[in-house]
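Enquirer: Take this sequence and fold it.
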Amino acid sequence: MYSKYAIDINCDVGEGVGNEASLMPYVSSCNISCGAHAGSVTVMDEVIGLAKKHKVKIGAHPSFPDRENFGRVVMDIAPETLQKSIEEQILLLKERADLQEVTLHHIKPHGALYNLIAKDKVMAQLVIRAIQNTCPDLFLYVPYNSMIAEEALKNNIQIQYEAFADRNYNEDLTLVSRNQENALITNKEEVFAHVKRMIVAQQVQTIGGIKDIIADTICVHGDTENAVVLVSYIHAKLKENEITIA
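Expert: Below is the predicted model:
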């Protein structure tokens, strides 16, 4: 049946939660931690294998090299050191994927790095350089109307706009800080209403009102407590609403 709408469902994985086997049947792409904020080579290999089995697109999920804070705090780190770390992370996952004859599809920065490059031009340019030096032909998952999206397009990096199923938004389309009580959305019906509005109406309910947004891919965080419940419910409701999962 022809569907007017199509969406990719992605999930952050390989971060030590161990729920990947339960998530993979319901997602169409995944972002695998490259060992800097979580994970290991052994975990990468296992998750790549699961993704291959379920025909799920694989992406690198580089981060600030900060396991202590799970990559969710901006590090005071020399720019050249950070760029080298990002490049090494991407190349490590590519190497592990190559061993299983799997091609990487995309790159999605993690946590504090993702949030920083949405607003900071210098840091966005640093990440673009790291991608150009490693895998310039991959898609880059970016927030809509962000600095990293603008810099990627300037440098001929293919992008897909990402939105978040399980997170509330500020008026400027940044994510509500995890330090706030209302950062997460965990009720499955509320999550799907949030997702459907972004796909169909191209709008998002922020804490300050409705704003325009574009979403090519929707993320559920793999470490959200009820991630499997959420992603399986979204998967079922998208099909029920004749929205293609691509």
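
Enquirer: need the contact list for the residue most central in space within the chain.
Expert: The central residue of the chain, meaning the one whose C-alpha is nearest the mean C-alpha position (C-alpha atoms, centre = their mean), is residue 108 at 5.1 Å. Listed by C-beta atoms under 8 Å, 6 or more residues apart in numbering, the contact partners of residue 108 are 10, 12, 31, 59, 60, 61, 114, 140, 141, 162. The way it works is simple: take the backbone N, C-alpha and C, and place the C-beta from them, glycine included.

Enquirer: Pop out the phi and psi values for it.
Expert: phi -140, psi 110 (degrees, to the nearest 10).

Enquirer: Checking the closest residue to it other than its chain neighbours next. Helix, strand or coil?
Expert: Excluding its sequence neighbours, the residue lying closest to residue 108 (C-beta to C-beta, 6 or more residues apart in numbering) is residue 141, at 3.9 Å. Per DSSP: H, G, I helix; E, B strand; the rest coil, the secondary structure class of residue 141 is strand.

Enquirer: Residue 141 and residue 233, how far apart?
Expert: Distance check for residue 141 against residue 233: by C-beta to C-beta, to the nearest Å, it reads 22 Å.

Enquirer: Looking at the two, which one has more neighbours?
Expert: Between residue 141 and residue 233, counting by other C-beta atoms under 10 Å, residue 141 is the more crowded of the two (26 against 19).

Enquirer: isn't that one right up against residue 163?
Expert: No - Residue 141 is not in contact with residue 163 according to C-beta atoms under 8 Å; the separation is 10.1 Å.

Enquirer: show me where pLDDT drops low in the chain?
Expert: Of all residues in the chain, those with pLDDT under 70 make up the ranges 1-2.

Enquirer: For it, just list every one of the helices.
Expert: Under the criterion DSSP state H, the chain carries helices at the ranges 20-23, 41-53, 79-99, 111-117, 121-132, 147-154, 188-196, 227-240.

Enquirer: Nearest to residue 216, out of the ones you listed?
Expert: In this view, those are compared for proximity to residue 216 by C-beta to C-beta, and helix 147-154 is the closest at 11.2 Å.

Enquirer: show me the contacts for residue 207.
Expert: By C-beta under 8 Å, 6+ apart, the neighbours of residue 207 are 168, 169, 170, 171, 176, 182.

Enquirer: Name the member of the residues you listed that has the highest neighbour count.
Expert: Counting neighbours by other C-beta under 10 Å, the top entry in the contacts of residue 207 is residue 169, with 21 neighbours.

Enquirer: isn't residue 56 right next to residue 26, touching?
Expert: No - taking C-beta under 8 Å as the definition, residue 56 is not a contact partner of residue 26, at 9.6 Å.

Enquirer: which residues touch residue 144?
Expert: Residues touching residue 144, when contacts are defined by C-beta under 8 Å, 6+ apart, comprise 161, 162, 163, 173, 213, 214, 215.

Enquirer: Just to check, the last one is in contact with residue 163?
Expert: Translated: residue 215. Yes - taking C-beta under 8 Å as the definition, residue 215 is a contact partner of residue 163 at 3.8 Å.

Enquirer: intersection of neighbour lists for the two?
Expert: Taking C-beta under 8 Å, 6+ apart as the contact criterion, the residues that touch both residue 215 and residue 163 are 144, 198.

Enquirer: Show me what the longest strand seen in the chain is packed against.
Expert: In the chain, ranked by residue count with DSSP state E as the criterion, the top strand is strand 6-13. Packing partners of strand 6-13 (3 or more C-beta pairs under 8 Å, 6 or more residues apart in numbering; DSSP states H and E): helix 20-23, strand 29-33, strand 57-61, strand 217-220, helix 227-240, strand 244-245.
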